[in-house]
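Visitor: build me a model from this:
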Amino acid sequence: MVVIHVTLTYFRCNKYKNIIKTASTRYRSDRQLRHSVGSRLNEALTTLSGERSYQSHDLQQPNILLVRELSASPIWSDDEFFSDITMLESRVDDITREFNNAYLNLWPTGWLINNTASGEWAVFHLINQGAAVKKNCDECPLTYGVINQLVGSMQENVFANVSFSVVQPGTSISPHYGPTNVRIRCHLGLQVSRPDTSYMTVNGRRVSWKYGRCSIFDDSFLHGVDHSADNPDPRAVLLVDFWHPELTELERSTIDSLFKFQRPATPTIHTIPIRYSTEM
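Guide: Numbering: from 1, shown residues only. Alright, predicted model coming up:
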């Protein structure tokens with residue numbers, strides 16, 4: 001089995017530069033889009049850059065795209081995504097069965113494995129940066145079917161991910177910022193431990209997981225994960241990215257068109273565990 005080792009900081013830097021360059025080029029070359037997109041997204045795309053700290057709040061620093069005037073909250077209530085959360089939580093048993101198959105029977109095929117200074121976590125993508133991973137989706141047809149019924153899920157651009165995420169005992173994921181405030185991230189608890197030994201910290205606030213329940217947060221705020229070695233089992237969630245609910249349909253379609261990777265219809269990443277995924 002081939003394993004590709006990439007320095008995470010280097011990969012992130014170059015990945016962001018390429019995303020920014022491609023989106024900026026597409027935006028500048030489309031005069032009609034610049035006149036129709038609306039003021040707040042126009043401002044965000046005009047000032048698109050790789051520089052950090054262009055948000056006044058120190059703990060919210062999306063490193064690719066910031067759309068001002070969107071409501072900013074590290075933790076979101078279920079009410080904003082009620083129908084989608086209800087759907088996910090009602091199907092948790094089916095989703096858990098397919099997770100167990102992917103983790104217990106397929107590992108490491110289809111999984112992207114990440115090492116940290118202390119520990120390891122891995123993801124099994126159904127949608128990776130806006131592209132469906134066909135082989136993985138075929139292994140999880142019920143879960144993929146649920147995802148396609150969600151009304152607010154993000155699926156067509158580089159900010160969009162749906163995956164099983166597993167954090168091994170003894171793992172700490174250092175605090176970091178997500179790429180944009182146009183997405184809101186959801187974790188559906190599939191395998192969880194005591195909240196005092198397994199938790200996420202978002203903007204200084206501790207969040208724990210519960211089986212069959214969704215946790216909703218804005219990952220453009222500073223966030224990290226701790227899963228103590230005292231836990232006998234990994235922590236597992238289904239990760240789903242939602243659109244920020246205040247974005248208009250035009251703004252969503254514009255982001256999709258500007259931030260879409262041109263890639264083969266069937267990605268090949270499912271055959272190689274690459275150690276640079278940043279989804280947790």
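
Visitor: now the most centrally placed residue in the chain. Its backbone dihedrals?
Guide: What sits nearest the mean C-alpha location of the chain, by C-alpha atoms, centre = their mean, is Asn161, with 4.8 Å. Asn161 adopts backbone torsions of phi -140, psi 140, taken as degrees, to the nearest 10.

Visitor: correct me, but Arg205 touches Ile75?
Guide: Yes: under the criterion of C-beta atoms under 8 Å, Arg205 makes contact with Ile75 at 6.3 Å. (Glycine included, C-beta is placed from N, CA and C.)

Visitor: show me where the protein has helices.
Guide: Secondary structure of the chain (DSSP state H): helices located at 8-28, 31-36, 39-46, 82-90, 92-100, 134-139, 141-147, 249-258.

Visitor: in this protein, which spans are strands?
Guide: Secondary structure of the chain, counting by DSSP state E: strands at 75-76, 111-116, 119-128, 131-132, 161-167, 171-176, 183-191, 198-202, 205-207, 214-217, 223-227, 235-243.

Visitor: parallel or antiparallel, which strands does the longest one pair with?
Guide: So the one you mean is strand 119-128. Strands that pair with strand 119-128, judged by DSSP bridges, come out as strand 111-116 (antiparallel), strand 131-132 (antiparallel), strand 161-167 (antiparallel).

Visitor: next one: the first one
Guide: Sheet neighbours of strand 75-76, with direction, are listed as strand 214-217 (antiparallel) (DSSP bridges).

Visitor: how far is the partner strand from where the chain is centred?
Guide: Centre-to-centre, strand 214-217 and its host chain are 12 Å apart (C-alpha atoms, centre = their mean, to the nearest Å).

Visitor: if we can go back for a sec, show me the one of the strands paired with strand 119-128 that comes nearest Gln32.
Guide: Closest to Gln32 of those is strand 131-132 (C-beta to C-beta; 26.6 Å).

Visitor: per-residue confidence averaged over that closest one?
Guide: Averaging pLDDT along strand 131-132 yields 96.

Visitor: cool, stretch 78-86 as well?
Guide: 96.

Visitor: ok, Ser73 - contacts?
Guide: Ser73 sits next to Asp218 when contact means C-beta atoms under 8 Å, 6 or more residues apart in numbering.

Visitor: and Asn181, by the same measure?
Guide: 60, 62, 65-67, 70, 72, 218, 220, 244.

Visitor: let's have those in JSON lines, adding pLDDT, neighbour count and distance to Glu156.
Guide: Below are these laid out as JSON lines (pLDDT from 0 to 100; neighbours: other C-beta atoms under 10 Å; distance: C-beta to C-beta, whole Å):
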{"residue": "Gln60", "pLDDT": "87", "neighbour count": "20", "distance to Glu156": "24"}
{"residue": "Pro62", "pLDDT": "90", "neighbour count": "23", "distance to Glu156": "19"}
{"residue": "Leu65", "pLDDT": "93", "neighbour count": "26", "distance to Glu156": "15"}
{"residue": "Leu66", "pLDDT": "92", "neighbour count": "22", "distance to Glu156": "20"}
{"residue": "Val67", "pLDDT": "93", "neighbour count": "20", "distance to Glu156": "17"}
{"residue": "Leu70", "pLDDT": "94", "neighbour count": "18", "distance to Glu156": "19"}
{"residue": "Ala72", "pLDDT": "94", "neighbour count": "16", "distance to Glu156": "24"}
{"residue": "Asp218", "pLDDT": "97", "neighbour count": "24", "distance to Glu156": "20"}
{"residue": "Ser220", "pLDDT": "95", "neighbour count": "29", "distance to Glu156": "19"}
{"residue": "His244", "pLDDT": "98", "neighbour count": "22", "distance to Glu156": "15"}
